[in-house]
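Peer 1: need a structure here:
(chains A, B and C)
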Amino acid sequence: MFKEKLENVRSKSPLIHSITNYVTVGDCANILLACGGSPIMADEPEEAEEITSICGGLNINIGTLNRHTIPAMLTAGKKANQCGHPVLLDPVGAGASSLRTDTARGLLEAIDFTVIRGNISEIKSLAAGSGTTKGVDADVADAVREQTLEQAVAFAKEFSSQSHSIIAITGAIDIVAGPEKAYVIRNGHPMMSRITGSGCMLSAMMTAYLAANPDDPLGAAAAAVCAMGLCGETAYSRLAEGEGNASYRNRLIDAVYHLDGDTLEEGANYEMR
Amino acid sequence: MFKEKLENVRSKSPLIHSITNYVTVGDCANILLACGGSPIMADEPEEAEEITSICGGLNINIGTLNRHTIPAMLTAGKKANQCGHPVLLDPVGAGASSLRTDTARGLLEAIDFTVIRGNISEIKSLAAGSGTTKGVDADVADAVREQTLEQAVAFAKEFSSQSHSIIAITGAIDIVAGPEKAYVIRNGHPMMSRITGSGCMLSAMMTAYLAANPDDPLGAAAAAVCAMGLCGETAYSRLAEGEGNASYRNRLIDAVYHLDGDTLEEGANYEMR
Amino acid sequence: MFKEKLENVRSKSPLIHSITNYVTVGDCANILLACGGSPIMADEPEEAEEITSICGGLNINIGTLNRHTIPAMLTAGKKANQCGHPVLLDPVGAGASSLRTDTARGLLEAIDFTVIRGNISEIKSLAAGSGTTKGVDADVADAVREQTLEQAVAFAKEFSSQSHSIIAITGAIDIVAGPEKAYVIRNGHPMMSRITGSGCMLSAMMTAYLAANPDDPLGAAAAAVCAMGLCGETAYSRLAEGEGNASYRNRLIDAVYHLDGDTLEEGANYEMR
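Peer 2: Here you go, the predicted structure:
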């Protein structure tokens, strides 16, 4: 099944509009090209809506959030909703500043997101704000581990139900949850946290998977997480002596470039909960 | 002849001011250093004019166009004209939004560009707007191929004559045209389209070639296209097993770093039309 | 001693807030991760103060300076001062435009910087503005060489005394000076000047060293300069045939990733003046 998801990205080559931070934007563009999609970046409010309308999906990332760009996020998001295009929110740093937390919540109110993808702390910051999962802050430990997994899965499903979005929580163990079922994914490598942008890149690539697989967004999101994690494993295995995180970043994108459907199907390590 | 063009860049080491997008800006800086030039990026209207005046050339790129930056493009462009420095326009995404198309046309009216460099669609968007080549949109196929080459060359010459700029159209076959003669270039590799920024990098490097070779801008622009294409071929031949587009990007810049005049002279694959 | 400085960065993993340019920002994030720190970038005035308050150090870099960002630099800098966090100024391009020179001087007046790190021309531009070292412009040659070293060291100490900041001047020979003593450092490789961002990356990494070693900022700054220079040497020695500046950039960050305390201690090449 994941095989087909990947192959749809390569055959349809969706154009993805990213309104994203300037730290990892080049890597997001290159991973979109690596997976078979096509990138365009545009964050000026005057053109964001128009650019979104010619794309297949929209990726909104609030890293290096900037007051000037927020209206672009809002108009582009609403336009994508009107067009029926998938929209992903990556709430980078939600919880770290009021501006980010409030902006992410404002976006959630104004836009129907197909997927919200972040780490557990970011997702918890958003969920707490929505008023329904106040207690989760105390209950779900910051890192998703085997001991806290069941609780984290329940939290993700509940927040999915309440937000009407797929919730993708990535970390040592990844969770991709709809209201009733969740993928628990054990691909990836710890070195992915030693480069900047592995989360941002996943969000960009996931938007391409969503755009190319409109019939099964939950499966598409999970396939993207498995693909990224598997490539994180491959990249690590390919590191030569003396190579560190800069080379790892390149080898990760390179692995995405070469990943094929059969390898993904075989290497994807997940269970349903 | 191209040999001398390259060597002039290395010996004169021109300082190039780029007002460019934030997706590929780091790669543009590194390719300028690789070819022998020196980069400075500055897009704040308050300083753009002053920075341009200490540089040898100006590269204006409208990817991730931003309302705040347009005045910087205008004042820097006019200043470069006053100083007699070459100015290049890279109309990234012209045709994809009104803001980009209108801004590119506004820049064309206000500034004398030495070169306009883009893909065929971007160049057509600009030419159509100028009112003289309306029919070209239908006539010139989006990709320049052997069958459409003659038409595309005629279009490029006509637009050059009308805009008083050298027109550089890059793609599978590249055209660098003045009003009366054109270089048709067959260097390059398809993998150049699988990384972000190969066009932006070429524009930055071409500006250095223009600045170092003021007596022959047409030849300088063509030499830069050949140099980039040749390095695209070299980079591909140097890819190791498992390497994809991220490594290709590095190997492309590396190839520019090592390219010498004799290799360029020998490897340049062009004809005059 | 430098060994301990490096190991403190790895064990404390300080979170560093960078308000920096968009050319080299991704490399700054990756080198912070490589050395053992953790990066966050935020330049919106509304959140800069809040982000700084959760970090261990602040790195202000005026490359691609932008009118909108200056208030963020000011409020974040003042907040870091209140919190007792180290603050570093990298005056990229001071002297190249009035906006940059004036902004850097304004920051110096409003904020107590732990370190000011730049090349000799940038530092001279700042010092001249402060009114005490007017003659230095003529006396100190632009490059610090053996013949001008003594003068440059005296200048650095004097400017340190007057600015109440550690002065780090990097170039072929590096100087890290307090009011009374200075490290003269001879690590590094000329190829570091053939990539964009080696200075920006050093500033980011140095901020992590300062944050992790609050008891000895002068030693921490010198250790960071030695670490970067040593990694510049290692990176050069690891270049394979055909590799140029793009690969060098990766190998430099990779070398930082693998550098350990013993290697730094042994490879650091400095004297006190």
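Peer 1: wait, A:Thr234 touches A:Ala255, no?
Peer 2: Yes - counting by C-beta atoms under 8 Å, A:Thr234 touches A:Ala255, with 4.2 Å between them. (Glycine included, C-beta is placed from N, CA and C.)
Peer 1: so for those two, which residue has more residues nearby?
Peer 2: Neighbour comparison, A:Thr234 and A:Ala255: the larger count goes to A:Ala255, with 26 against 20 (by other C-beta atoms under 10 Å in any protein chain shown).
Peer 1: now that one, what's its secondary structure?
Peer 2: Under DSSP: H, G, I helix; E, B strand; the rest coil, A:Ala255 falls in the helix class.
Peer 1: which secondary structure element contains the closest residue to it other than its chain neighbours?
Peer 2: Sequence neighbours aside, A:Cys231 is the residue nearest to A:Ala255 in space, at 3.7 Å (criterion: C-beta to C-beta, 6 or more residues apart in numbering or on different chains). Assigning secondary structure by DSSP states H and E places A:Cys231 in helix A:217-238.
Peer 1: from the chain's centroid, how far away is that helix?
Peer 2: Relative to its parent chain, helix A:217-238 has a centroid offset of 11 Å by C-alpha atoms, centre = their mean, to the nearest Å.
Peer 1: give me the helices and strands touching that helix, please.
Peer 2: Secondary-structure packing of helix A:217-238 (3 or more C-beta pairs under 8 Å, 6 or more residues apart in numbering or on different chains; DSSP states H and E): helix A:2-12, strand A:115-118, strand A:166-169, strand A:174-177, strand A:182-185, helix A:198-212, helix A:245-258, helix A:261-267.
Peer 1: could you redo the last one with a cut-off of 7 Å?
Peer 2: Counting contacts by 3 or more C-beta pairs under 7 Å, 6 or more residues apart in numbering or on different chains; DSSP states H and E, helix A:217-238 packs against helix A:2-12, strand A:166-169, strand A:174-177, strand A:182-185, helix A:198-212, helix A:245-258, helix A:261-267.
Peer 1: Throw these into CSV and include distance to B:Thr75, thanks.
Peer 2: Below are these laid out as CSV (distance: least, C-beta to C-beta, whole Å):
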stretch, distance to B:Thr75
helix A:2-12, 43
strand A:166-169, 45
strand A:174-177, 49
strand A:182-185, 52
helix A:198-212, 34
helix A:245-258, 37
helix A:261-267, 51
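Peer 1: closest one to C:Gly106 among the ones you listed?
Peer 2: Counting by C-beta to C-beta, C:Gly106 lies closest to helix A:198-212 out of these; the figure is 33.1 Å.
Peer 1: OK, contacts around A:Asp90?
Peer 2: A:60-61, A:117-118, A:199-200, A:203 (C-beta atoms under 7 Å, 6 or more residues apart in numbering or on different chains).
Peer 1: now do A:Gly178
Peer 2: Residues in contact with A:Gly178 (C-beta under 7 Å, 6+ apart) are A:160, A:166, A:218.
Peer 1: so A:Met191 makes contact with A:Arg249?
Peer 2: No - A:Met191 is beyond contact range of A:Arg249, at 9.8 Å (criterion: C-beta atoms under 7 Å).
Peer 1: what pairs with A:Val184 across the strands?
Peer 2: With DSSP bridges as the criterion, A:Val184 is bridged to A:Ile175, A:Glu271.
Peer 1: from chain C, how far out is it?
Peer 2: Per C-beta to the nearest C-beta, to the nearest Å, A:Val184 is found 27 Å from chain C.
Peer 1: my read: that residue touches A:Asn269, true?
Peer 2: No - A:Val184 is beyond contact range of A:Asn269, at 9.6 Å (criterion: C-beta under 7 Å).
Peer 1: circling back to that earlier point, A:Met191 and A:Arg249: which has the busier surroundings?
Peer 2: Neighbours were counted for A:Met191 and for A:Arg249 using other C-beta under 10 Å; A:Arg249 has more, 28 against 20.
Peer 1: could you check how far the residue nearest to the more buried one when sequence neighbours are not counted is from B:Thr101?
Peer 2: Leaving aside its chain neighbours, A:Arg249 sits nearest to A:Ile195 (4.6 Å; criterion: C-beta to C-beta, 6+ apart). Going from A:Ile195 to B:Thr101 by C-beta to C-beta, to the nearest Å gives 37 Å.
Peer 1: and those two? which has more neighbours close in?
Peer 2: A:Ile195 (27 against 21).
Peer 1: so who does that one touch?
Peer 2: Shown in contact with A:Ile195 (C-beta under 7 Å, 6+ apart): A:245, A:248-249, C:30, C:33.
Peer 1: the same query, at a cut-off of 10 Å, please.
Peer 2: Applying C-beta atoms under 10 Å, 6 or more residues apart in numbering or on different chains to A:Ile195 gives the contacts A:24, A:27, A:201, A:232, A:235, A:244-250, A:252, C:26, C:29-30, C:33-34, C:253, C:257.
Peer 1: and if you look at A:Asp174?
Peer 2: A:117, A:144, A:168, A:183-188, A:202, A:222, A:225-226, A:228-229, A:270.
Peer 1: now do 6 Å
Peer 2: Listed by C-beta atoms under 6 Å, 6 or more residues apart in numbering or on different chains, the contact set of A:Asp174 reads A:185, A:225.
Peer 1: and the gap between it and A:Ala168?
Peer 2: Counting by C-beta to C-beta, the gap from A:Asp174 to A:Ala168 is 7 Å.
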